[in-house]
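# A structural model of the following input is requested.
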Amino acid sequence: MTPRIHPEISPRILGNVASLYNDSNRVFMEYVDNSIDSAESFFDVNKYNKKIHIKVECEGSTTRDKKITITDNCFGMDESGLLRIVQDIGNSDKKEQPWTNGKFGYGVYSFMAICKDVEIISKVESQPPRMVFLNKDNFEKDKVDEVEIFSPEICDNHLFEYKCGTKVILKHFERDFLKDISVSELKNEIESHFEQLLSRENIDISLSEDNNSYQCAPFNYDKYEGDFYNDKVDELEMESRGATRNLHLDNPLEVYVKITTGEDINRRPVIINKGRRIAEIKDLRSFKSKNKQTIWNHPHVTGYIDIHDFLDPTIARNDFRNNNKSKALFNYLEKIEDLVRDLISSINKKDEDRHYQNLENELNKALSALNRMDKKALKYRTEII
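Got it, this is the predicted structure:
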């Protein structure tokens, strides 16, 4: 009988996974996202049955005193919940662990990409808050048995201001990432990343720094003039084993592409999964269209494709796994490119007509002014003569 081998997985792999996050804002999105996941317990038909508060507070300016604190008043975690997020790495169960992001629970460890330490304080109703502390250096070990993390400890009630919820404190930032942290950029990132979720009733996401507070709001596409393409897709053509078949979707894809009238709003079309932005279409490496720049990076094109959990994102959640389902989606996107191009041409024609009309109006005004000046000059010369 062939002997069985038990693989040894080094804890250092967490740091390597975290290195996939090369943008500090994406790390912060993980923790905001976890709070929103926990809020699902209170969500019903586009409305939360209690006011959801998610606060992002920025303090300090140096590697020593800089802190980013993300607090919510959502479901919270008891001792066993806190234990699971530090013990069951790679085994996330969204039903059992409502605060861990994605399928693998790596989001909790994304802090390793930008800072040394994270404190997680969580509370469920009728229980005191508990805290767990994670340090990046603790995971620089060769074997799992060498990693030591203290069990969640009961902490003072004054450390948590809500009846239930979770607080995350990130600190001791790497110098290279410290200069990239900006409240205004973080606000823009939250509004872009969660634009669909921000339109729900009873959710409030705010930021604060130096006694200044900022409120996040959903994006309003109707604010900008232009034509748009809107569609609900309940079937996609998918290739499997050399044959093409129609794949029925239980949750139709929602397609909204808008071409603004001569205005670059710096908001390119994005792919949305479960209300969260994955990436701008032009930045998807797995999407091989030849028109990624001319169509999906056009300055007047904006909008979104909401896929409703149709595809599995990569671990960093900025792209999709390459399989037949992703190819089916991308084939659809390529099919509508001609339609989007026609809309762009139509808008450009309207802009051109408007431009010439404005030019004609200005020329007429100038000619009228010259005519009046000429009449005055003629009268003046006649009087002198």
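
# pLDDT below threshold where in the stretch 251-385 of the chain?
Using pLDDT under 70 as the threshold, the predicted model of the stretch 251-385 of the chain has low-confidence ranges 350-364, 367, 370-385.

# my bad, the stretch 1-150 of the chain
In the predicted model of the stretch 1-150 of the chain, residues 1, 90-105 satisfy pLDDT under 70.

# 80 - rerun?
Applying pLDDT under 80 to the stretch 1-150 of the chain flags residues 1-3, 5-9, 46, 87-106.

# how about residue 58: which residues does it bridge to?
Taking DSSP bridges as the rule, residue 58 bridges to residue 68, residue 209.

# list the contacts for it?
Contacts here follow C-beta atoms under 8 Å, 6 or more residues apart in numbering; on that basis residue 58 touches 67, 68, 181, 183, 186, 207, 208, 209. C-beta here means a position set from N, CA and C on the backbone, and glycine is covered the same way.

# now the fourth one: how far from residue 58?
Put plainly, it is residue 183. When C-beta to C-beta, to the nearest Å is the yardstick, residue 183 and residue 58 sit 5 Å from each other.

# can you give me phi and psi for residue 286?
Listed backbone geometry of residue 286 is phi -80, psi -10, with angles given as degrees, to the nearest 10.

# repeat that for residue 196.
The phi and psi values for residue 196, taken as degrees, to the nearest 10, are phi -70, psi -40.

# mutual contacts of residue 183 and residue 58, please.
Applying C-beta under 8 Å, 6+ apart, one finds that residue 183 and residue 58 are jointly contacted by 207, 208, 209.

# give me the residues contacting the lengthiest strand in the chain.
The strand spanning the most residues in the chain, taking DSSP state E as the definition, is strand 243-260. Contacts made with strand 243-260 from outside it, assessed by C-beta under 8 Å, 6+ apart, are listed as 221, 224-238, 269, 298, 300-310, 325, 328-329, 332, 336, 340, 343-344, 346-347.

# sorry, back to before: buried among the contacts of residue 58? Need that as a selection in PyMOL.
Isolation of the buried members of the contacts of residue 58 (16 or more other C-beta atoms under 10 Å) is achieved in PyMOL through the command below:
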select buried, resi 67+68+181+183+186+207+209
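
# among the contacts of residue 58, find me the one that's closest to residue 159.
Distances from the contacts of residue 58 to residue 159 were compared by C-beta to C-beta; the smallest belongs to residue 67, at 13.8 Å.

# show the contacting residues for that closest one.
With C-beta under 8 Å, 6+ apart as the criterion, the residues that contact residue 67 are 57, 58, 59, 60, 169, 170, 171.

# on that earlier part again, Throw the contacts of residue 58 into TSV and include distance to residue 115, thanks.
TSV is the format used below for the contacts of residue 58 (distance: C-beta to C-beta, whole Å):
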residue	distance to residue 115
67	9
68	8
181	10
183	17
186	15
207	18
208	19
209	17
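
# any idea which of the contacts of residue 58 is least confident?
Taken together, these show their lowest pLDDT at residue 181, with 89.

# kindly provide the distance from that one to residue 156.
Between residue 181 and residue 156 the distance, using C-beta to C-beta, works out to 28 Å.

# also residue 124?
Here the criterion is C-beta to C-beta. By it, residue 124 lies 16 Å from residue 156.

# and what of residue 231?
With distances taken as C-beta to C-beta, residue 231 is found 54 Å from residue 156.

# who's more crowded, these two?
For the pair residue 231 and residue 156, the greater number of neighbours falls to residue 231 (14 against 10), based on other C-beta atoms under 10 Å.

# residues contacting the most centrally placed residue in the chain?
Nearest to the centroid of the C-alpha atoms of the chain, with distances taken as C-alpha atoms, centre = their mean, sits residue 193, at 2.0 Å. Each residue near residue 193 by C-beta under 8 Å, 6+ apart is listed here: 29, 32, 33, 276, 277.

# as JSON lines, those with neighbour count and distance to residue 128 would be great.
Formatted as JSON lines, the entries for the contacts of residue 193 read as follows, by neighbours: other C-beta atoms under 10 Å; distance: C-beta to C-beta, whole Å:
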{"residue": "29", "neighbour count": "25", "distance to residue 128": "29"}
{"residue": "32", "neighbour count": "25", "distance to residue 128": "25"}
{"residue": "33", "neighbour count": "22", "distance to residue 128": "26"}
{"residue": "276", "neighbour count": "21", "distance to residue 128": "32"}
{"residue": "277", "neighbour count": "21", "distance to residue 128": "36"}
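
# in strands only, show me the residues you listed.
Secondary-structure check on those using DSSP E: residues within strands are 276, 277.

# what is the nearest of the contacts of residue 193 to residue 264?
Set against residue 264, the nearest of these by C-beta to C-beta is residue 277 (19.2 Å).

# that closest one contacts residue 270, correct?
Yes - applying C-beta atoms under 8 Å, one finds residue 277 in contact with residue 270, separated by 4.9 Å.

# which residues do the two both contact?
Overlap of the contact sets of residue 277 and residue 270 (by C-beta under 8 Å, 6+ apart) consists of 192, 304.

# from the contact counts, what lies against whatever helix or strand residue 303 lives in?
Taking DSSP states H and E as the criterion, residue 303 maps to strand 301-306. In this structure, strand 301-306 packs against strand 243-260, strand 270-273, with contacts taken as 3 or more C-beta pairs under 8 Å, 6 or more residues apart in numbering; DSSP states H and E.

# how far away is the nearest residue to residue 268 once chain neighbours are set aside from residue 230?
Here the nearest residue to residue 268 in space, its sequence neighbours aside, is residue 280; by C-beta to C-beta, 6 or more residues apart in numbering that works out to 4.5 Å. As defined by C-beta to C-beta, residue 280 lies at a distance of 19 Å from residue 230.

# of those two, who's got more company?
Under the neighbour definition other C-beta under 10 Å, residue 280 and residue 230 were set side by side, and residue 280 has more, 18 against 10.

# for the more buried one, give me its contacts.
Going by C-beta under 8 Å, 6+ apart, the list of residues near residue 280 reads 268, 269, 270, 296.
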